[in-house]
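Enquirer: Provide a 3D model corresponding to the input given below.
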Amino acid sequence: MRHRPPRLRLALVALIGLLALLAGCATFPDQGPRDWQEKTEGQGELGGPPSVQEAPGGEQGDENGDSADPGAPQTPAGCDDPDPQVVATCLDPVGALAVLPNGVSALVGERATGRVLRVERGKDPVLITTVPVDAAGGGGLTGLVLSPTYQEDQLVYAYATTPEDNRVLRLAPNEPPKPVLTGIPKGPSGNGGALGTDAGNTLLVATGNAGDPAPAPAALNGKVLRIDTLGRPAAANPNPGSPVLSTGLSQPGGICTDSSNESVWVTDRAASRDVLYRVAPGPLGPAAWTWPDRPGVAGCMAQPGVVAVALTGGAALSVLRPADDGSFSGAPETLLANVYGRLAAATLGTDGLLWLGTVNKSGGRPVASDDRVIRIQPPSGGGASRA
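Expert: Predicted coordinates for the structure are as follows:
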């Protein structure tokens, strides 16, 4: 037998090791299953929701509220929530949200305390002001919206229930809240409302019926109102001198505008069903969509080809895709079921991300970090809903 020199033997050993390493890095077909997770585009801190596909049987998660998705949020410890979609934690139930122009911070209105806080991921909430509220009958602080000219005036508008009435307030830096529109009737129920803006830079105000199933046409309860930032009726309203744009609401949860086509949508908890209306001057017509199971429609977001509605009782996000004429067909998609619990406030940020607020401390099953503000990629449009 020939004996190789020691140096030659060492070189052969190194070469064999190198070839083995390269073989381990190579890709070969039909090698059976691999232990890997497919990378989803856009995931991460600004990425998509951790659970957006239905589990077998059409449900997401189990009866304990745990997500079936292996990429679901991790369990929080106290106010420390490891989920990168969570912006703020340990709040009182969130009644309203308004995203600031920088896209990374927002104003949060706590329904029962009336506190307005500035929140941003990784920072402690900062108290901006406190709106005196009466939270009885579904009231409290339930609406927030930035002024249409916020960059110039730094003003914010709030919808709140006081001991006397429901009203729209103006919030200015370093000033107490000032009334803009007062005298919206208050009652034993139906006191919540919502705020938005339209393409004409006027304020949209959705008001509850204050427990009256048939408010007078000129009354301010159970309506969609359209006013300027000083509280005066918009010039284009059906009746000159009246702030009333549309009639027929019961307990509205959200109002939102699709800036691409100027469509305005409002959610409502009617007497026997939950509904979504497309707003038009005069009496609200037939609902664009109804939920006979009454999942508790709340805040909404609208953008081209999609309307997303937060569900409080349903603990999910309902997504509808309107056709060009505003009609829907098929059934909505149900996303985020039991991932964050009871959702209420919803709004779209300047960067296109969807912000949501939870109300798990009000009749839900809160986790240690509730209540929370969440920021996720919104569902995309794509034509009418399909069955």
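Enquirer: count the residues that sit near residue 123.
Expert: 12 (other C-beta atoms under 10 Å). Quick note: C-beta positions are derived from backbone N, CA and C, even for glycine.
Enquirer: next, it: phi, psi?
Expert: phi -130, psi 150 (degrees, to the nearest 10).
Enquirer: what about the nearest residue to residue 139 once chain neighbours are set aside, distance to residue 143?
Expert: The shortest distance from residue 139 to any non-neighbouring residue, by C-beta to C-beta, 6 or more residues apart in numbering, is to residue 161 (2.8 Å). As for residue 161, its distance to residue 143 is 10 Å (criterion: C-beta to C-beta, to the nearest Å).
Enquirer: the residue nearest to residue 139 against residue 132, yeah?
Expert: No - if you go by C-beta atoms under 8 Å, residue 161 and residue 132 don't touch, sitting 9.8 Å apart.
Enquirer: what about these two, which has more around it?
Expert: residue 161 (29 against 13).
Enquirer: residue contacts, that one?
Expert: 133-137, 139-140, 142, 186, 191-192 (C-beta atoms under 8 Å, 6 or more residues apart in numbering).
Enquirer: now do 7 Å
Expert: Applying C-beta atoms under 7 Å, 6 or more residues apart in numbering, one finds that residue 161 lies in contact with 133-135, 139-140, 186, 191.
Enquirer: now these in TSV, with neighbour count?
Expert: Formatted as TSV, those follow (neighbours: other C-beta atoms under 10 Å):
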residue	neighbour count
133	24
134	18
135	21
139	27
140	26
186	22
191	30
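Enquirer: any weak-confidence spans in this structure?
Expert: 1-73, 381-387 (pLDDT under 70).
Enquirer: report the central residue of it.
Expert: residue 346 (2.2 Å; C-alpha atoms, centre = their mean).
Enquirer: who's that one bridged to?
Expert: Judged by DSSP bridges, the bridge partners of residue 346 are residue 356.
Enquirer: wait, isn't it in contact with residue 302?
Expert: No - between residue 346 and residue 302 there is no contact under C-beta atoms under 7 Å: 10.1 Å.
Enquirer: may I have stretch 267-274 exported as CSV, CA atoms only?
Expert: Output of stretch 267-274 as CSV, limited to C-alpha atoms (Å, rounded to 0.1, in the frame of the first residue of the first chain):
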residue,chain,number,x,y,z
THR,A,267,-72.0,51.9,10.5
ASP,A,268,-75.1,51.6,12.7
ARG,A,269,-76.6,49.2,15.2
ALA,A,270,-80.2,49.3,14.2
ALA,A,271,-83.1,47.8,16.2
SER,A,272,-83.0,44.3,14.7
ARG,A,273,-79.7,44.1,12.8
ASP,A,274,-76.3,45.8,12.3
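Enquirer: ok, and what's touching that stretch?
Expert: Counting by C-beta under 7 Å, 6+ apart, residues outside stretch 267-274 touching it are 213, 249-254, 275-277, 290-292, 294-298, 300, 309.
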